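1. Predicted model, plus sequence, below.
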Amino acid sequence: MGKIRKRIISGMLGFAMLFGTFAGQTMVASAEESGEAKDIQIALCITGTLGDKALADTTWSGLQKIMEEYDNVECKVFEATNGATDWEPNLIAASTGGYDLVIATASSMGSVLESVAARFPDVTYVSIDSPIKLPNVASCTFCCNEASYLLGCIAGMWTTRTEIPGVNEDKIVGWISGMEAPINNDYYIGFCAGVEYTCPGATVLQSWTGTYSDPLTAKEMTKALISQGADCISPVLSSAAVGAHEACQEKGVYSFALDTYQDDVYPGTVITTALKDGAIVTYNYAKDFIEGKLSKEFRLLNLSMGAMDITDMAEIEVVLGDKFPADIKEKVMEIRQQIIDGELEVPYNPVVRGEAEN
């Protein structure tokens, strides 16, 4: 089959070039080449905190790259250390604090961002993972359903393989997130569809913690899923996901990571990571704004352009040795290619694509 990781990296680079096309430049251009940057202030408002090894970290890294390339651009991240109660105050602080561009990871705080953006029409916003139809807002959405579908396909097959240590005979898997939001429901829809595709009739347990910043709650609720028979858990929890992964490690069951490569952070229990390239998104939106080329056109960021993908399962393959189900890896890569080629359509939440009201 060859090394899947190489194909993943290649796909992400392809996404950089494709996204860079709509941004007007590729990622190698510098401030000296453009000569356009003049004391521009950019704010990033996130739903949780840095250190999540997920969208907060990746989107912030894109803006850090901007600051390396543009001497006269300053970027600041507004963390929601108190959870949802910080979202509106942070957005207002950014909107009234002299920031020219406000970027928000708005999957859960989309309605809050929409309200704030309507109140400050002279500020330009970027909404990631929540489509907003206002003249001062540019929106894009990751097709999280596609990556989550692949995780569900793996989970459906994995939970049937009782020869794998820690897998029981119940055919029960778990899914846990912070709050009900369109993008989270998109993850859930894709995951459930994937489980049903490879293991019809399997049970998917669902749980909501109410927060993205409390790993202890996430850990306890994950343990509850495990106690109900789930032997494979998919956490969609930002920085709180560490609690879910720890619970899986302690109980000897399996989990999936999101956004950044974490297979080696939890070796032997994380099966694969669903990668999401947030750095490319913030980098190119910021660069576009700096150079006066920002487009408000809504963008879908999907598997076929390399915006999302899954890792090659190399870490868990080493840990499990001859217990590793190589046929599952082969099957999910076949399904992955079918999605990329347009041969398999994955169900999704129409709200995240602006096709329905929330």
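-> Here it is on my side, so go on. Residues are numbered from 1 along each chain as shown.

2. Is G194 in contact with M157, as I believe?
-> No. Using Cβ atoms under 8 Å, G194 is not in contact with M157; the gap is 9.7 Å. C-betas here are computed from N, CA, C, even on glycine.

3. Between those two, which is the more surrounded one?
-> More crowded of G194 and M157, by other Cβ atoms under 10 Å: G194, with 29 against 22.

4. Got the confidence number for the more buried one?
-> In this model, G194 is scored at 98, pLDDT.

5. for it, what are its contacts?
-> Applying Cβ atoms under 8 Å, 6 or more residues apart in numbering to G194 gives the contacts 148-156.

6. does V195 count as helix, strand or coil?
-> helix (DSSP: H, G, I helix; E, B strand; the rest coil).

7. Can you give me the neighbour number for it?
-> So V195, with other Cβ under 10 Å, has 29 neighbours.

8. That one contacts I154, doesn't it?
-> No. Using Cβ under 8 Å, V195 is not in contact with I154, being 9.2 Å away.

9. re the thing from before, closest to G354 out of the contacts of G194?
-> Set against G354, the nearest of those by Cβ to Cβ is S148 (19.4 Å).

10. three-state assignment of the closest one?
-> S148 ends up helix, using three-state DSSP.

11. Let's see the ChimeraX selection covering just the buried ones among the contacts of G194.
-> Selection command for ChimeraX covering only the buried members of these, criterion 16 or more other Cβ atoms under 10 Å:
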select :148,149,150,151,152,153,154,155,156
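
12. just checking, F142 touches D129?
-> Yes. Here F142 lies in contact with D129, judged by Cβ under 8 Å, at a distance of 6.0 Å.

13. For the stretch 251-358 of the chain, which segments count as helices?
-> 278-290, 314-320, 326-340 (DSSP state H, counting those that start in this stretch).

14. And the contacts of the shortest one?
-> Right, the one you point to is helix 314-320. Residues contacting helix 314-320 (Cβ under 8 Å, 6+ apart): 5, 164-165, 263-264, 267-272, 324, 326, 329.

15. average model confidence for the helix or strand hosting A138?
-> In the assignment (DSSP states H and E), A138 maps to strand 137-142. In this model, strand 137-142 has a mean pLDDT of 95.

16. Sheet-wise, list the partners of that strand with their directions.
-> strand 124-128 (parallel), strand 299-301 (parallel) (DSSP bridges).

17. so which of these comes closest to K219?
-> Closest among these, using Cβ to Cβ: strand 124-128, at 27.2 Å.

18. Would you mind listing the residues touching both of F142 and D129?
-> With Cβ under 8 Å, 6+ apart, F142 and D129 have common neighbours I183.

19. Need the distance between the two termini of stretch 125-145.
-> 25 Å (Cα to Cα, to the nearest Å).

20. So which bits of that stretch are buried?
-> So stretch 125-145, judged by 16+ other Cβ under 10 Å, has buried residues 125-132, 137-145.

21. got the domain boundaries for this protein?
-> As assigned by automatic domain parsing, the chain contains the domains 4-142+277-305, 144-275+307-351.

22. relative to helix 326-340, how tilted is the helix or strand hosting L151?
-> Element membership of L151 [criterion: DSSP H and E] is helix 144-158. Taking axes from the mean of the first three to the mean of the last three Cα atoms, to 10 degrees, helix 144-158 and helix 326-340 form an angle of 160 degrees between their directions.
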